[in-house]
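A.B. asks: output the structure for:
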Amino acid sequence: MPRFGVRSSLLIALATVLGCGVRYGFAGGGLPSNIRTMAVMPFDNQTTSPEVQRELLDLMRRELQRRLGVRDASESRADAVVRGVISAYDVDVPVAVSANPSQAVTARRRLQVTIDVEIVQQANGRVLFQRKGMRGEGDYDERAEPDGRRKAIEKIVNDIVEGAQSQW
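C.D. replies: Next up is the predicted model:
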């Protein structure tokens, strides 16, 4: 009786599964299959930073389309709507200070953005994804706040996409 290696066994198992018509994939990104369009509404900005609202909206629209496979749509035509509130924007969280006064950069800072977000299916009002107090952080050099804001927003958007994908 011939001995099969691990590689051969895996190939046989894969061929068996595929031959039986079993399909497995990540189509739809964990959202219901009827969610093809999504409206991302500007988040209610309760902070003093107008930039955070625009940057969050732009990145969220782009990444939800790209990573969840949905198309952008107006609220009245969308299968699902993304809404939220930007509740905190803290730019002055010290991280580290340089002891060398001759360095141009004397401190590292951490920026924190906190939001509440929900994705709602329009047809039935079902909440597909919801998080309160979701926080993104971004470290940046002193006087480079936009870098920290970009990192914090990227973290938040990534967490939203991953959360929506995990809704099986």
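A.B. asks: from the chain's centroid, how far away is stretch 76-86?
C.D. replies: Centroid separation between stretch 76-86 and its chain, computed with C-alpha atoms, centre = their mean, to the nearest Å, is 15 Å.
A.B. asks: let me fix that, I meant to ask about stretch 144-153.
C.D. replies: 15 Å.
A.B. asks: tabulate the CA atom coordinates of that stretch in PDB.
C.D. replies: Output of stretch 144-153 as PDB, limited to C-alpha atoms (Å, rounded to 0.1, in the frame of the first residue of the first chain):
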ATOM      1  CA  ALA A 144       2.900  66.800  12.800                       C
ATOM      2  CA  GLU A 145      -0.700  66.300  13.900                       C
ATOM      3  CA  PRO A 146      -2.000  65.400  10.400                       C
ATOM      4  CA  ASP A 147       0.200  62.200  10.500                       C
ATOM      5  CA  GLY A 148      -1.300  61.100  13.800                       C
ATOM      6  CA  ARG A 149      -4.900  61.900  12.600                       C
ATOM      7  CA  ARG A 150      -4.300  59.900   9.400                       C
ATOM      8  CA  LYS A 151      -3.100  56.900  11.400                       C
ATOM      9  CA  ALA A 152      -6.000  57.100  13.900                       C
ATOM     10  CA  ILE A 153      -8.600  57.300  11.100                       C
END
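A.B. asks: and the contacts of it?
C.D. replies: Outside of stretch 144-153, the residues within contact range by C-beta atoms under 8 Å, 6 or more residues apart in numbering are 49, 51-52, 55-56, 59, 91, 109-113, 136-141. Heads up, the C-betas are built off the backbone N, CA and C, glycines and all.
A.B. asks: please repeat the previous calculation with a cut-off of 6 Å.
C.D. replies: Applying C-beta atoms under 6 Å, 6 or more residues apart in numbering, the contact partners of stretch 144-153 are 55, 56, 59, 91, 111, 113, 136, 137, 138, 140.
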